[in-house]
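*Asks:* next comes the sequence, and after it the predicted model I'd like to discuss.
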Amino acid sequence: MPAVMDASRQAWARTYEQRYGMEPSIIAAQYYDALLLVAEAIKRTAADRVRIKTGLELLERFSGVMADYTFDTKHNGVHRFLVARITGGQPMLEAILAE
């Protein structure tokens, strides 16, 4: 939902729309973030399964297009959620639920 994103995330959404001719879906953003997370984990450690897992555990407030990611001790992604209210057909940011 680009209307409630910050400037850098809106830029990603515009680039996506220019390239694919449609507004990005939540699934597109999730896949994009997943690749960013794995790439960052590899940069911090190495490209093998165990080290990628370790690299993900080291991430704190890693900025993706959907969220800023941190992983807890149970390996769950902890991030914020945006709550939007639809007014006149347009989403307006209502609240940010923090981790």
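*Replies:* Thanks, I have it.

*Asks:* all contacts plus neighbour counts: C-alpha atoms, from now on.
*Replies:* OK.

*Asks:* neighbouring contacts of the strand or helix carrying Thr70?
*Replies:* Following DSSP states H and E, the helix or strand that holds Thr70 is strand 68-71. Here strand 68-71 makes contact (C-alpha atoms under 8 Å, 6 or more residues apart in numbering) with Leu56, Glu57, Leu58, Leu59, Glu60, Arg61, Phe62, Ser63, Gly77, Val78, His79, Arg80.

*Asks:* can you do 7 Å?
*Replies:* For strand 68-71, contacts defined as C-alpha atoms under 7 Å, 6 or more residues apart in numbering pick out Glu57, Leu59, Glu60, Arg61, Phe62, Ser63, Gly77, Val78, His79.

*Asks:* for Gln18, state which of these is nearest.
*Replies:* Nearest to Gln18 among those, counting by C-alpha to C-alpha, is Ser63 at 22.1 Å.

*Asks:* partners of the worst-scoring helix or strand of the chain on mean pLDDT, with directions?
*Replies:* Every helix and strand in the chain was compared by mean pLDDT, DSSP states H and E; the lowest is strand 77-78, with a mean of 77. When pairing is defined by DSSP bridges, strand 77-78 lines up against strand 68-71 (antiparallel).

*Asks:* run the chain-centre distance for the strand it pairs with.
*Replies:* Computed by C-alpha atoms, centre = their mean, to the nearest Å, the separation of strand 68-71 from the middle of its chain amounts to 9 Å.

*Asks:* cool, and stretch 67-78?
*Replies:* 12 Å.

*Asks:* tell me which residues in that stretch are buried?
*Replies:* Ala67, Asp68, Tyr69, Thr70, Phe71, Gly77, Val78 (16 or more other C-alpha atoms under 10 Å).
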